[in-house]
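K.L.:
3D, please:
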Amino acid sequence: MSSSFFKTTFSYFLIIFILIFFITFIVLTDTSISYSESFSNLDGEFIWPLPGYSYISSYFGRRVSPTSGASTYHSGIDIPAPEGTKILAVCDGLVTFASWGAGGGYTIVVENNDIKVSYCHVSPIYIVSRNDTVTAGKVISTVGPKNVYGINNNPYKDSNGNPTNGATTGCHLHLTIKENNIAIDPLQFFNF
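P.N.:
Below is the predicted model of the structure:
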């Protein structure tokens, strides 16, 4: 057999080897990226967002509106805590919103597949930003102040006419959890 036959055969063998190696590498790399972005750990317990603060001042569902601009249907729960109290991510996810949220005041939204968690009345000094990935138990913010300034046309005011951090009467975390865009009582996600 001629040397050109061996060169051609070796070249074909090398090309096939390289293709198989790189295709396998690309498939494995794509699989790991998909897995990491799926946030599949929702099977575990959710982390309570305010360790040391468990009193709920307003439960999920129908209520008497506590202040002007607040709804009589409460889409979440209110947990009073002092300004500056650390807020933990209740589950892994992607930060999709971190800005002024009208009635919710300064708001952070974390999404994990069909679950959307909103943290409202937080500090305007954000610890996380839009498109950040967070893990359950990570500090994502702090409880915000009752009064905030610098929001143009803020319609929310306290009894003295000072602008408030959304529709609020005091420092607290409003926590909403939605599944497939439907608000669900957040308490069903926690084991006490």
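
K.L.:
ok, for Ile115, nearest residue in space, not its chain neighbours?
P.N.:
In space, and not counting its chain neighbours, Ile115 is closest to Glu179: 5.8 Å by Cβ to Cβ, 6 or more residues apart in numbering. Heads up, the C-betas are built off the backbone N, CA and C, glycines and all.

K.L.:
might you report the residue contacts of that neighbour?
P.N.:
Asp114, Ile115, Lys116 (Cβ atoms under 8 Å, 6 or more residues apart in numbering).

K.L.:
these in helices, which ones?
P.N.:
The members of those all map outside helices under DSSP state H.

K.L.:
picking that back up, distance of the residue nearest to Ile115 from Thr142?
P.N.:
26 Å (Cβ to Cβ, to the nearest Å).

K.L.:
next: Lys178.
P.N.:
23 Å.

K.L.:
which SS class is Gly103?
P.N.:
Following DSSP: H, G, I helix; E, B strand; the rest coil, we place Gly103 in the helix state.

K.L.:
count the residues that sit near Tyr53.
P.N.:
Using other Cβ atoms under 10 Å, the number of residues around Tyr53 comes to 16.

K.L.:
verify the stated contact: it with Ile77.
P.N.:
No: taking contacts as Cβ atoms under 8 Å, Tyr53 lies outside contact range of Ile77: 11.6 Å.

K.L.:
sec struct for Glu111, please.
P.N.:
Once three-state DSSP is applied, Glu111 turns out strand.

K.L.:
isn't Val109 right up against Gly93?
P.N.:
No: using Cβ under 8 Å, Val109 is not in contact with Gly93; the gap is 9.0 Å.

K.L.:
what is in contact with the two at once?
P.N.:
Val117.

K.L.:
out of the two, which sits in the busier spot?
P.N.:
Gly93 (24 against 21).

K.L.:
what's the more buried one sitting at in phi/psi?
P.N.:
phi 170, psi -170 (degrees, to the nearest 10).

K.L.:
gap between the residue nearest to Ile115 and Ala98?
P.N.:
21 Å.

K.L.:
Val117 too?
P.N.:
Taking Cβ to Cβ, one finds Val117 at 13 Å from Ala98.
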